[in-house]
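In: Curious how this folds, go ahead:
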Amino acid sequence: MHLGKASLAALATVAITLVVAACGQGGSAPPGGAAGGGAAGGALSAARCAQNKAAGKITYLSGYQYQASASILEYVAASKLGYFADLCLDVALEPGTGDTSQNAKLLASGQATISPVAEQDLMQARANGIAILGVSSYSNAGLEVLMTNPDITALSQLNGKVIGDKGHFPATVEAMMVKAGVNWGSLRIVTEGYDPTVLPRRAGGLAALTGFVSNEPNQLRASGHKVTVWQPVNYGIPSSLGAMAVNPAFAKAHPTAVEDLLRAAIHAYAYCSASPAHAAQCVGYTAALSGPTYDQKLNEAIWTTETQVIKDNPTPGQPLGGIDSANVGKLVDLLHQFKLIPDSVTAADASAWFDNSYISAIYKSGTLTWPAP
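Out: Residues are numbered from 1 along each chain as shown. Model prediction:
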C-alpha cells in the first residue's frame with residue numbers, strides 16, 4: 001500500500017517532553033521501554049487511568065496488514081513498547097486488508113475503534129453516509145506517485161503513451177499529470193499487477209506506472225533498477241499521509257482515550273524514527289506479527305521513506321498529527337473535480353468531519369506531553 005534514512009533529525013517533527021508522573025513518582029520513558037508502571041498506569045493520574053480503563057477494549061485496525069507504514073508501525077510499537085499500557089489503554093491490534101472503504105465501515109459500525117483513513121477517503125465515506133471522524137494527519141503529501149524510466153524528463157513526454165495502474169488510477173496522480181501538460185485523452189491506461197519491474201522492462205510498451213513512494217521505488221532500487229519518481233505534492237496537489245479516523249460515538253464517550261491513543265502513537269513514532277537501529281527494532285515488531293515471508297529490509301525502507309516525506313512536508317502551523325484545515329478545503333475541490341463527492345458537499349461540511357481537539361490536547365507549546373497529565 002503504502003524511502004531517506006531516519007536519523008536523530010527526524011525527532012524535529014515531534015519534540016517529546018518527559019514530565020513527572022502522577023502518584024508522587026517520577027517517570028520517564030527508557031529507550032526501548034515504557035514509562036511509569038505499565039498496566040498499573042503509573043504514567044498518569046489515577047483519575048485519568050480510570051477514565052481510560054472505562055473505555056474498555058480498543059480495536060486498532062491497520063491500513064494494510066502490518067506493513068511498516070506511518071500510521072501502522074508506530075501503533076504496533078506503542079503496543080509492544082508498553083506505551084498503551086502505561087496510559088491504561090487496552091488496545092488490540094488487527095491487520096487490515098488494504099480496503100479503506102471496508103475499514104471506514106468497520107469504524108462506523110463500532111467493530112473497529114481507530115484506523116488509518118486518508119483525509120480524501122474519509123470525505124468520500126462521509127459523503128456516502130458512513131459516519132467516521134478524522135482526528136489526526138501527519139502530512140498534506142500523499143504516498144501515491146507516478147514512476148517513469150529515466151529518459152522521461154517532463155511529464156508532457158507521456159502524451160500518447162501506455163500508462164499502468166493497479167486498476168484504479170489515483171486522482172492525485174491524474175491531477176498532477178494534467179497540471180503538467182499531459183493530454184489525458186491521448187493516454188492508454190492499462191491495469192498491471194504488483195511486479196514493478198514491468199516498467200524498466202518496458203513490458204507492453206509501458207512508459208509509466210503508478211505506485212506508492214515508499215514501496216515500488218524501493219523495490220526497484222533494491223533490484224538495481226533506476227526510475228524517476230514524480231510526486232503530486234511537488235505540483236501543489238493536495239493529499240494526506242498517516243491520517244487517522246475513529247468511531248465518533250467512542251470519541252464522544254471517551255475523549256481521554258482518543259487523546260492518549262494518539263499520544264502513545266506519536267511517542268512511539270518519535271522512538272522508531274530516532275535512529276536506524278530504533279527503526280529496525282520497531283520493524284522487528286511488525287515482522288513478528290507477520291510471519292516468515294515478511295521482508296524486513298523493504299519494510300525498514302518503507303518506514304524511513306514515509307517519515308522523510310512527513311518531515312519534508314509537515315502540516316503547516318501544526319504539530320505532528322495536526323490537521324490542516326486549508327488542506328481539507330483543497331481536497332474538497334479535488335474530489336469535486338473528479339466527481340468523487342457531490343458538488344453539494346462544501347468545505348464547511350467537510351471541516352465538520354475532522355476534529356483537531358484531540359491532537360491539540362496532547363501538546364503544550366508545540367511539544368508532545370509525555371506521559372499524560
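In: if you skip the residues just before and after it, what's nearest to residue 101?
Out: residue 125 (6.8 Å; CB to CB, 6 or more residues apart in numbering). Where C-beta positions appear, they are placed from N, C-alpha and C, glycine not excepted.
In: name the element the one you found belongs to?
Out: helix 119-127 (DSSP states H and E).
In: Pull out the buried residues from that helix.
Out: Of the residues in helix 119-127, 119, 120, 121, 122, 123, 124, 125, 126, 127 count as buried by neighbour count, 16 or more other CB atoms under 10 Å.
In: which residues in the stretch 51-200 of the chain form helices?
Out: In the stretch 51-200 of the chain, the helices defined using DSSP state H, counting those that start in this stretch lie at 73-80, 83-86, 100-109, 119-127, 171-179.
In: between the ones you listed, which gets nearest to residue 92?
Out: helix 73-80 (8.9 Å; CB to CB).
In: Run the chain-centre distance for that closest one.
Out: Put simply, helix 73-80 sits 13 Å off its chain's centre (CA atoms, centre = their mean, to the nearest Å).
In: now stretch 277-289
Out: Taking CA atoms, centre = their mean, the mean C-alpha location of stretch 277-289 is offset from the chain mean by 17 Å.
In: What mean pLDDT does that stretch get?
Out: For stretch 277-289, the mean per-residue pLDDT is 98.
In: Torsion angles phi and psi at the residue nearest the centre of the chain?
Out: With distances taken as CA atoms, centre = their mean, the residue of the chain nearest its centroid is residue 242 (1.7 Å). Per-residue torsions, residue 242: phi 70, psi 20 (degrees, to the nearest 10).
In: so what's it up against?
Out: The contact partners of residue 242, by CB atoms under 8 Å, 6 or more residues apart in numbering, come to 69, 70, 71, 116, 136, 137, 138, 139, 306, 310.
In: ok, back up a step: report the angle between the axes of the helix holding residue 125 and helix 171-179?
Out: On the basis of axes from the mean of the first three to the mean of the last three CA atoms, to 10 degrees, helix 119-127 is oriented at 120 degrees to helix 171-179.
In: quick one: contacts of helix 119-127?
Out: Residues contacting helix 119-127 (CB under 8 Å, 6+ apart): 100-101, 104-105, 108, 117, 132, 134, 137, 171, 239-240, 243, 245, 323, 327-328, 331-332, 334-335, 340-342, 345, 350, 353-354.
In: Make a ChimeraX selection of whichever of those residues turn out to be buried.
Out: What follows is the ChimeraX syntax selecting those of these that are buried according to 16+ other CB under 10 Å:
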select :100,104,105,108,117,132,134,137,171,239,240,243,245,323,327,328,331,332,334,335,340,341,345,350,353,354
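In: can you dump the C-alpha coordinates of the lengthiest helix in the chain into PDB?
Out: The residue-count maximum for a helix in the chain (DSSP state H) belongs to helix 255-273. The C-alpha trace of helix 255-273 is given here as PDB (Å, rounded to 0.1, in the frame of the first residue of the first chain):
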ATOM      1  CA  PRO A 255     -12.100  11.600  24.800                       C
ATOM      2  CA  THR A 256      -9.100  11.000  27.000                       C
ATOM      3  CA  ALA A 257      -8.700   7.500  25.500                       C
ATOM      4  CA  VAL A 258      -8.600   9.000  22.000                       C
ATOM      5  CA  GLU A 259      -6.100  11.700  23.200                       C
ATOM      6  CA  ASP A 260      -3.900   9.000  24.800                       C
ATOM      7  CA  LEU A 261      -4.100   6.700  21.800                       C
ATOM      8  CA  LEU A 262      -2.700   9.500  19.700                       C
ATOM      9  CA  ARG A 263      -0.200  10.500  22.400                       C
ATOM     10  CA  ALA A 264       1.200   6.900  22.700                       C
ATOM     11  CA  ALA A 265       1.400   6.500  18.900                       C
ATOM     12  CA  ILE A 266       3.200   9.800  18.400                       C
ATOM     13  CA  HIS A 267       5.600   9.000  21.300                       C
ATOM     14  CA  ALA A 268       6.300   5.700  19.600                       C
ATOM     15  CA  TYR A 269       6.700   7.500  16.200                       C
ATOM     16  CA  ALA A 270       9.500   9.600  17.700                       C
ATOM     17  CA  TYR A 271      11.200   6.500  19.200                       C
ATOM     18  CA  CYS A 272      11.000   4.500  16.000                       C
ATOM     19  CA  SER A 273      12.300   7.500  14.000                       C
END
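In: how far out from the middle of the chain is that helix?
Out: 13 Å.
In: average pLDDT for it?
Out: The average pLDDT for helix 255-273 rounds to 98.
In: outside of stretch 96-105, which residues touch it?
Out: 1, 61-65, 112, 115-118, 121-122, 124-125, 130, 132, 245.
In: let's see 7 Å
Out: With contacts defined as CB atoms under 7 Å, 6 or more residues apart in numbering, stretch 96-105 is touched by 1, 61-64, 112, 115, 117-118, 121, 125, 130, 132.
In: Check stretch 186-193 too.
Out: 158-165, 167, 169, 198, 204, 209.
In: what's the straight distance from one end of that stretch to the other?
Out: 23 Å (CA to CA, to the nearest Å).
In: do the same with stretch 128-138
Out: Start-to-end, stretch 128-138 (CA to CA) is 25 Å.
In: ditto for stretch 112-127
Out: Stretch 112-127 stretches 20 Å from its first residue to its last (CA to CA).
In: Give me the mean pLDDT for that stretch.
Out: For stretch 112-127, the mean per-residue pLDDT is 98.
In: quick one: that stretch to chain centroid distance?
Out: 12 Å.
In: Equivalent analysis for stretch 203-215, please.
Out: Centroid separation between stretch 203-215 and its chain, computed with CA atoms, centre = their mean, is 22 Å.
In: Report the mean per-residue pLDDT for it.
Out: 97.
In: Sweet, I'm off.
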